[in-house]
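In: need a 3D model of the sequence below.
(chains A and B)
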Amino acid sequence: MSVVTRFAPSPTGYVHVGSQRTALYNYIFARQQGGKFILRVEDTDQNRYVEGAVENLLFSLEQLGIEFDAGPGKEDDKGPYFQSKRNDIYAKKVQKLMDQGHAYRCFCTPERLDALRKEQMENQAPTGYDGKCRTIPNEESEERAKTEKFVVRLKTPDQGFCEFKDIVRGDVKIAWSQVDDQVLVKSDGFPTYHLANVVDDHYMQVTHVIRGEEWLPSVPKHLFLYECFAWEAPQMVHLPLLLNTDRSKLSKRQGDVAVEDYLKKGYTPEALNNFLALLGWNPGGKNEIYSMDELIETFDINKITKAGAVFDVQKLNWMNGQYIKNMEVEKYLKEARKWLGDVIVNEEKLDTALMAVKTSLTTFKDIPEKLAVFTGEPAIPNSEANEMLELESTKLVFMAYVEKIAALEDLKVDDFKTIMKEVQTETGVKGKNLWMPVRIGLTGEMHGPELGYIVEYLGKEENIKRIMSYKL
RNA sequence: GUCCCGUUCGUUCAGCGGUUAGGACUCAGGAUUUUCAUUCCUGCAACAGGGGUUCGAUUCCCCUACGGGAUACCA
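Out: Okay, the predicted model is just below:
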């Protein structure tokens, strides 16, 4: 049977980086196995409807290069891919469960449920529904359903254990006594996650359920549903959670968690994917930079880690810098231009300036700051810089430099190198005493991008002007 | 409270009964470079604790501690 995986987020308005990793693993595994990857929107909670959430979801996935084979906008005979549009399917299945005696209507009020839970806690007993409505006769149930609000619950086994195999966790064993009579249909008529998920996964022929560890305790309910329907259950793959620095579940409170936040901060989708993919799995070896294709090639679903992983932005920073440094020039220039902000630069020489800062970027957002040296007036030299300027040799260097530049038609990075060699020969000044005064003379600073770029960017006239201003 | 899951350098990932416990990030030092950055080299740094099993445990089992998750008519 060919592999089918799915990413099934609820549309909350943004894509959590933890979700991104889940999506990524699903995607990578499907591609690797030559299978299918589908996107399903789990929008069964009407209270959580967020305007534009689906568009945002689709957009984020597109930017990340995580392509689905079927899903919203890519419908096929297994759709629709919105759970809110599949209610008739769920209704039929629920009816079947009720007919079989595996599900029942529950008329208990939220107040009673709260009180029950409180009492259970006090008695140090497991919490969960006590099964009060389990025994209501059919006719009575039918009758009350006409006037009263109700939910439909799953009648889970009371005794024994649910044992199953998870590709990440290995053998897992949970006592049925711990498993609640889960609500399957809410009083508004919509299914809960548990029902919709199982039904959809079956009809969409999902073979591997790859999702976050928070779902592990719910697996027995799901497996029981598969059993009731006489369906074959998919493989379970529960991923370790992504953690904050303090090791709690990665949350909004402690920093950015949305994919769009990171993209807005100038991280590349490639770096983000790469970084996240390696949180929970690693092919071993020295290299840690993997393209999507390489991830697909080397990924091993059997080697996913069990422990939660801290989302450490330092490593992301390093990785993102690597991606920018190694980015193809055309692509880099195109992307970098989007990040200029209100920095005013010489449009004609912009590429030169951008190339000059390429190796020094952590994220694209650093661009304006790094570009500062190319824009506006030179900085005022500090005392150390002034000392350099006052050296005897500096005068010689400046004179020779201006002379060479003046004789030139155009000024390119390579010309500059040649010129400096000539200046060195003529003046006998070399090393730091040769280069640093020129740097300071042109920028006022002792640090900055490679001089050649700056020289080319400034152009002949500006070079002369700036150097002359120091020539006494 | 109850149940489930987890625990190797600060972080991340290797290791799958015998290793000087390895790589990457961070940090420190050094080399290269006109400077910063890049690049390269070197270094610091870990098997949570206690019992077993075994000739031998980081690796297998149990207990404890700690951490996390689930306990919703949210997913």
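
In: can you give me the helices for the stretch 251-400 of chain A?
Out: Counting by DSSP state H, counting those that start in this stretch, the stretch 251-400 of chain A forms helices over residues A:259-264, A:269-277, A:292-298, A:313-325, A:329-336, A:350-357, A:367-371, A:383-390, A:392-406, given from the N-terminal end onward.

In: now the fourth one and helix A:350-357, what's the angle there?
Out: Pointing back at helix A:313-325 there. Angular relation of helix A:313-325 and helix A:350-357 on a 0 to 180 degree scale: 130 degrees, by axes from the mean of the first three to the mean of the last three C-alpha atoms, to 10 degrees.

In: which residues sit against helix A:313-325?
Out: With C-beta atoms under 8 Å, 6 or more residues apart in numbering as the test, helix A:313-325 has contacts from A:255, A:262, A:266-268, A:270-272, A:274-275, A:288-289, A:332, A:358-359, A:361-364. Glycine gets a C-beta too; all of them are placed from N, C-alpha and C.

In: recalculate using a threshold of 7 Å.
Out: Under the contact criterion C-beta atoms under 7 Å, 6 or more residues apart in numbering, helix A:313-325 has outside partners A:267-268, A:270-271, A:274-275, A:289, A:332, A:358-359, A:361-363.

In: closest to RNA strand B among those residues?
Out: Each of these was checked against RNA strand B using C-beta to the nearest atom of the strand; the closest is A:Thr359, at 4.4 Å.

In: grab the nearest non-local neighbour of that closest one.
Out: Leaving out its chain neighbours, the residue that sits closest to A:Thr359 by C-beta to C-beta, 6 or more residues apart in numbering is A:Lys325, at 5.3 Å.

In: which of the three states applies to A:Arg211?
Out: A:Arg211 carries the three-state label strand when classified by DSSP: H, G, I helix; E, B strand; the rest coil.

In: which residues are in contact with the closest residue in space to it that isn't next to it in sequence?
Out: In space, A:Arg211 comes closest to A:Thr22 once its chain neighbours are excluded; the distance is 6.0 Å by C-beta to C-beta, 6+ apart. A:Thr22 is in contact with A:7, A:210-212, A:239, counting by C-beta under 7 Å, 6+ apart.

In: mind putting these in a markdown table, distance to A:Arg31 and pLDDT included?
Out: A markdown table is the format used below for those (distance: C-beta to C-beta, whole Å; pLDDT from 0 to 100):
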| residue | distance to A:Arg31 | pLDDT |
| --- | --- | --- |
| A:Phe7 | 13 | 98 |
| A:Ile210 | 13 | 98 |
| A:Arg211 | 18 | 97 |
| A:Gly212 | 21 | 96 |
| A:Leu239 | 17 | 97 |
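
In: export the residues you listed as CSV, with columns for distance to A:Ile304.
Out: Below are the contacts of A:Thr22 laid out as CSV (distance: C-beta to C-beta, whole Å):
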residue, distance to A:Ile304
A:Phe7, 16
A:Ile210, 9
A:Arg211, 12
A:Gly212, 12
A:Leu239, 7
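
In: that older thread, from A:Lys92, how far off is the residue nearest to A:Arg211?
Out: Applying C-beta to C-beta, to the nearest Å, one obtains 29 Å for the distance of A:Thr22 from A:Lys92.

In: repeat for A:Arg466
Out: A:Arg466 sits at a distance of 79 Å from A:Lys92 (criterion: C-beta to C-beta).

In: so for those two, which residue has more residues nearby?
Out: Between A:Arg466 and A:Lys92, counted using other C-beta atoms under 10 Å, the more crowded position is A:Arg466 (18 against 11).

In: what residues sit buried inside whichever strand or helix holds the more buried one?
Out: Under the assignment given by DSSP states H and E, the secondary-structure element containing A:Arg466 is helix A:451-468. Along helix A:451-468, these residues count as buried under the neighbour rule (16 or more other C-beta atoms under 10 Å): A:451-460, A:463-464, A:466-467.

In: and A:Cys39, how many neighbours does it have?
Out: Cys isn't right for residue A:39; it's Leu. Residues near A:Leu39, counting by other C-beta under 10 Å, number 24.

In: give me the pLDDT for it.
Out: The model reports A:Leu39 with a pLDDT of 98.

In: how near is the spatially closest residue to A:Leu216 that is not a sequence neighbour to A:Phe224?
Out: Nearest non-adjacent residue to A:Leu216, counting by C-beta to C-beta, 6+ apart: A:His238, 4.8 Å away. As judged by C-beta to C-beta, A:His238 and A:Phe224 stand 17 Å apart.

In: ditto for A:Ala307
Out: The span separating A:Ala307 from A:Phe224 equals 28 Å under the rule C-beta to C-beta.

In: of these two, which one has the most company?
Out: Neighbour totals were compared for A:Ala307 and A:Phe224, and A:Phe224 leads with 22 against 9 (other C-beta under 10 Å).

In: looking at it, that one is touching A:Lys155, isn't it?
Out: No - distance between A:Phe224 and A:Lys155: 9.1 Å, which falls outside the contact criterion (C-beta atoms under 7 Å).

In: and the residue of chain A closest to RNA strand B?
Out: Relative to RNA strand B, the nearest point of chain A is A:Asn282 (2.3 Å; C-beta to the nearest atom of the strand).

In: tell me the contacts of A:Ser393?
Out: Under the criterion of C-beta under 7 Å, 6+ apart, the contact partners of A:Ser393 comprise A:427, A:429, A:433.

In: buried subset of those, written for ChimeraX?
Out: Taking 16+ other C-beta under 10 Å as the burial criterion, the selection of buried members of the contacts of A:Ser393 in ChimeraX is written as:
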select /A:427,429
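
In: export the contacts of A:Ser393 as a markdown table, with columns for pLDDT.
Out: Rendered in a markdown table, the data for the contacts of A:Ser393 read as follows (pLDDT from 0 to 100):
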| residue | pLDDT |
| --- | --- |
| A:Thr427 | 86 |
| A:Val429 | 84 |
| A:Asn433 | 87 |
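
In: which one of the contacts of A:Ser393 sits closest to A:Lys74?
Out: The shortest approach to A:Lys74 among the contacts of A:Ser393 belongs to A:Asn433, at 65.1 Å (C-beta to C-beta).

In: figure out how far the host helix or strand of A:Asp201 is from the centre of its chain.
Out: Remark: A:Asp201 resides in helix A:193-203, with elements defined by DSSP H and E. Per C-alpha atoms, centre = their mean, to the nearest Å, the displacement of helix A:193-203 from the mean C-alpha position of its chain is 26 Å.
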